[in-house]
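Student: Need coordinates for the below:
(2 chains)
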Amino acid sequence: MERVFSQITDISFSTNVLESGSGVQPTLNGLMNVLRKDLESRAPGFRILREKTKCSVIPGEFAFGRTIRLMSRLIRQNRHILGIDIGAHQTILADAVNLALSLHTLPLGIGNNIGNLLSEYTPSDLQSWISFQIKSAEIQDYILNKSYYPDLIPANKYSAEIELALARAIVMKGIENESLSAILSDGSLAMVFLSGAVLRNVEDPGEALLFAMDSLAPVGMVDYLLDMNGLSGAIGTLAHLNPVLASQITSTSAYLNLGKVIRPSVRSEQPGKSIMAVSVRDDAGNTRKYDIPFNRIYRIPLEYGKNYELEWTKISHNVTIPGVKTWAPAGFKSGCFGLVFDTREEKDGKIKLPKEKAARDKKLQSWRTELGPWLVKQEEESHA
Amino acid sequence: MPEEAVHIISSGTVRCARLLSEDGTVVVFKGQMADPTTQIAFRKIWSRHFSLNILDALDLDPADNIREFLTIKEGDFVSIGEQIAKREGKRKLSVTAKASGRFLGISANRLIFESDPVDIESRDAGVPGVVTDIVNTRGAYLETSGSYIKGLWGNGECGQGILLSIDMEKNNGIFDLDSISVDLAGAVVFANTCTDANVLKTAAKMTPGGLIFGSLPSYLLPVAVSLPFPIIVTDWIGTGKISNPVHLTLGENIIKFAYLYSDNSALGKLIRPEIIIPQDEYIPEKENPLNHLGIGSQVRIIEGFYGGELGIVVDILPGNDENSDNTEIAPDQVKICIDEETYVTLPKNNVEVINLKS
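Tutor: Purely as a prediction, here's the structure:
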């Protein structure tokens, strides 16, 4: 059969994954070889580049997965890190725990493949996360134009908001399809890593943070990182050649630490009523106390990069924070949004939105105001 | 991959790519004059594979090398009844093909064939021009002189007609029921936009050569796809005016013959539609005196088992017509040599002369 088929196509051989003890790694390497051969046959320049640099060529998905796998070593044991890379063609969801990686790709992106969204959602469904009046036909027009002009960059706040709303829909679909909702509800998620031009090119990084909080809504205490410079793919490729260097880059401030978001699980409560009280102590020993209200985003602005200690002074009986030891103080380094409490109501693991369009628009705008802009002056902090 | 930079040529050399999305068969030559209907390339998939045991038929031992007894080579097309293997000696034995197909090779002492081709992609010229470059296994580039606009969206239809415009001063240049008249029949008409599905459906009754819009709302695209004539959107999905460069280029070519080319057959790959307005009047290649069919003419077989193959006419066999005494009407036929061993006889109308431009 090899002789017959070798006349009509290229054949690559790999270990049989069904053989016991063979593992998937040799097969993955075999698959990467096939992809590399295909790439080099379509673009011979890659072969010349590979031969001259003596480097390996690996697909972007694998490189991103490697970055997330590497980062899983930098967080606490048995805690998950979820990487989200929203590309033009596809969206990658990489879940890693204790160096074990689970990579999922979704054929939906914010570029050439954005048109596929219309087969997954109706335009009226996609309206949910847009906070201004827009017809569903206009959303459909936007999606189609973006698929024909995939390099378009949102040039005003309306276009940017539409794209982030579409990105939310993509990630929610990915979480649902790949059964990742368990790590979002059991408190085992420690870090979310955000990548992709749609999140990088935002006017304020708060848009990216709000996007992740809306679309994932993970309970527990989660750190959010943003790949502001699009480095994750390059670092993943580098990890293959020089893992030490990749590790050193990752532990610097190459990625923007957006902050720590705490999302409790609340059984039932009146909106606005205090559900817990916390105190935050800085390096100098100054302590401030905060009452955390229900059903809103409550931000405690802190100085970026400084060490703080969080102490739980009171927690209502109907509130739990999965994965968090509330009896002990937690030390942390502040991100650019400080400490954020997301106590918004949820339904079936998703943030609950008002059904009526006007009320929904108002709610979306209020959440954005509650999170606030990236840079908050210290004077404003006392009023928060 | 970035889009090609040139989207509008107001006047000059127009170069159009006619490429398959994946490897297939190219059926034109460099220098060939192409009609709008000339097939440039096609892609087929062989839907059936079967194997043939010739050991018993030739009374061979399994240890024998069956390759020595074959009369065909790997890759050869084989017709029903054609000899595929023979054994010389005191007892002459032969094997003939029971079905048409392509011989792939030998596996486990059995001959492997593939058959039943299904067309999955085809590229036609869509515009009169000269084939200037061949891209191996993918297609060719055509060139002509005139105006060219690469659009944004097309409904997958091709067509042509005299280029006309609606009154752009009236109703903001929107194509509405008032724009539909007998003048639309066979013409290519451009307008800013259209906002009503019923208008498009009504326009179809006048059998236009095509419609060009600067923009079209997304909710009208499914309607446009269902219509039998070409519709091309040049600038934007939505509602708005046609852009100035497109308007100027089309305006300068009013009452010239325009060709609309739109092809959506490559699944998952975006092919931008094209509007081509040749400078010179087009004379169909069939009416070209250079294209006289005679012995020695190079021809392309249009369809059938040998569809797409090229050959040389070696004989012309006159048929009979209605006035003859024969009860059956037989059309003129031509005998074509495809290669040294392959001759086929086909109706004259099933072949087209390949005219190479010097």
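Student: pLDDT below threshold where in the chain?
Tutor: No chain was given, so I picked chain A. For chain A, the stretches with pLDDT under 70 are A:1-4, A:6-10, A:12-26, A:376-384.
Student: Actually, chain B is the one I wanted.
Tutor: For chain B, the ranges with pLDDT under 70 are B:1-6, B:265-269, B:283-291, B:320-331, B:355-358.
Student: and it, which residues reach chain A?
Tutor: Residues of chain B lying close to chain A (Cβ under 8 Å from any Cβ of the partner chain) are B:2, B:74-75, B:104-107, B:112, B:152-153, B:217-219, B:221, B:236-238, B:270. In short, each C-beta sits where N, CA and C put it, glycine included.
Student: Show me the beta-bridge partners of residue B:188.
Tutor: Note on residue B:188: beta-bridge partners residue B:163, residue B:210, judged by DSSP bridges.
Student: Show me how to select, in ChimeraX, the buried members of the residues of chain B next to chain A.
Tutor: Applying 16 or more other Cβ atoms under 10 Å in any protein chain shown to these, the buried members can be selected in ChimeraX as follows:
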select /B:104,105,106,112,152,153,217,218,221,236,237,238
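Student: Check which strands are paired with the helix or strand containing residue A:93 and give the direction for each one.
Tutor: Here residue A:93, judged by DSSP states H and E, is contained in strand A:91-97. Sheet neighbours of strand A:91-97, with direction, are listed as strand A:80-86 (antiparallel), strand A:100-106 (antiparallel) (DSSP bridges).
Student: Centre of the chain to it, how far?
Tutor: 9 Å (Cα atoms, centre = their mean, to the nearest Å).
Student: got it, and stretch B:183-194?
Tutor: Counting by Cα atoms, centre = their mean, stretch B:183-194 comes out at 26 Å from the chain centroid.
Student: Return the alpha-carbon coordinates of that stretch using CSV.
Tutor: The C-alpha trace of stretch B:183-194 is given here as CSV (Å, rounded to 0.1, in the frame of the first residue of the first chain):
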residue,chain,number,x,y,z
ASP,B,183,-33.5,48.4,-20.6
LEU,B,184,-32.4,46.0,-17.8
ALA,B,185,-32.8,43.0,-20.1
GLY,B,186,-29.3,41.7,-20.9
ALA,B,187,-27.6,44.7,-19.4
VAL,B,188,-25.2,45.1,-16.5
VAL,B,189,-26.5,47.9,-14.3
PHE,B,190,-24.7,49.6,-11.4
ALA,B,191,-26.3,51.4,-8.4
ASN,B,192,-25.3,52.5,-4.9
THR,B,193,-27.3,49.9,-3.1
CYS,B,194,-30.6,48.0,-2.8
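Student: Which parts of the stretch 201-350 of chain B are strands?
Tutor: B:210-216, B:231-237, B:257-261, B:274-278, B:298-301, B:310-317, B:333-339, B:342-347 (DSSP state E, counting those that start in this stretch).
Student: Which neighbouring elements make contact with the shortest one?
Tutor: Right, strand B:298-301. strand B:310-317, strand B:333-339, strand B:351-353 (3 or more Cβ pairs under 8 Å, 6 or more residues apart in numbering or on different chains; DSSP states H and E).
Student: Likewise for the third one?
Tutor: Using 3+ Cβ pairs under 8 Å, 6+ apart as the contact test, the elements touching strand B:257-261 are strand B:159-165, strand B:210-216, strand B:274-278.
Student: Please identify the deepest-packed of those strands.
Tutor: For those, the largest average neighbour count (mean count of other Cβ atoms under 10 Å in any protein chain shown) is found in strand B:210-216, namely a mean of 28.
Student: Give me the angle between that one and strand B:159-165.
Tutor: Relative orientation of strand B:210-216 versus strand B:159-165 (axes from the mean of the first three to the mean of the last three Cα atoms, to 10 degrees): 60 degrees.
Student: Do a quick rundown of the strands in the stretch 1-150 of chain B.
Tutor: B:8-19, B:25-26, B:33-34, B:39-52, B:77-78, B:83-87, B:93-96, B:101-107, B:110-124, B:129-135, B:139-150.
Student: ok, and which of those strands has the densest surroundings?
Tutor: By mean count of other Cβ under 10 Å, those have strand B:33-34 as the most buried, with a mean of 23.
Student: now it: how far from the chain's centre is it?
Tutor: 12 Å.
Student: Which strands border it, and is each parallel or antiparallel?
Tutor: Short version: by DSSP bridges, strand B:33-34 pairs with strand B:129-135 (antiparallel).
Student: So what touches the partner strand?
Tutor: Strand B:129-135 is contacted from outside by B:14-16, B:19, B:26, B:28-34, B:40, B:140-144, B:278, B:357, using Cβ atoms under 8 Å, 6 or more residues apart in numbering or on different chains.
Student: how about the strand or helix carrying residue A:238: buried residues?
Tutor: Using DSSP H and E, residue A:238 sits within helix A:232-241. For helix A:232-241, the buried set under the neighbour-count rule, 16+ other Cβ under 10 Å, comprises A:232-233, A:235-239.
Student: just curious, which of these is nearest to residue A:349?
Tutor: residue A:232 (26.5 Å; Cβ to Cβ).
Student: The spatially most distant residue from the centre of chain B and residue B:155, how far apart?
Tutor: The centre of chain B is farthest from one residue, residue B:90, which by Cα atoms, centre = their mean lies 51.4 Å away. Look at residue B:90 and residue B:155: by Cβ to Cβ, to the nearest Å, they are 68 Å apart.
Student: now residue A:142
Tutor: From residue A:142 to residue B:155 the distance is 21 Å (Cβ to Cβ).
Student: Residue A:319 too?
Tutor: Counting by Cβ to Cβ - residue A:319 and residue B:155 are separated by 57 Å.
Student: Check residue B:222 too.
Tutor: On the measure of Cβ to Cβ, residue B:222 and residue B:155 end up 10 Å apart.
Student: okay, those two: which has more neighbours?
Tutor: With neighbours defined as other Cβ atoms under 10 Å in any protein chain shown, residue B:222 and residue B:155 compare such that residue B:155 has more, 24 against 10.
Student: got a list of what the more buried one touches?
Tutor: Residue B:155 neighbours (Cβ under 8 Å, 6+ apart): B:221, B:224-225, B:227, B:230-232, B:262, B:264.
Student: which among those end up buried?
Tutor: Buried residues within these, counting neighbours by 16+ other Cβ under 10 Å: B:221, B:224, B:227, B:230-232, B:262.
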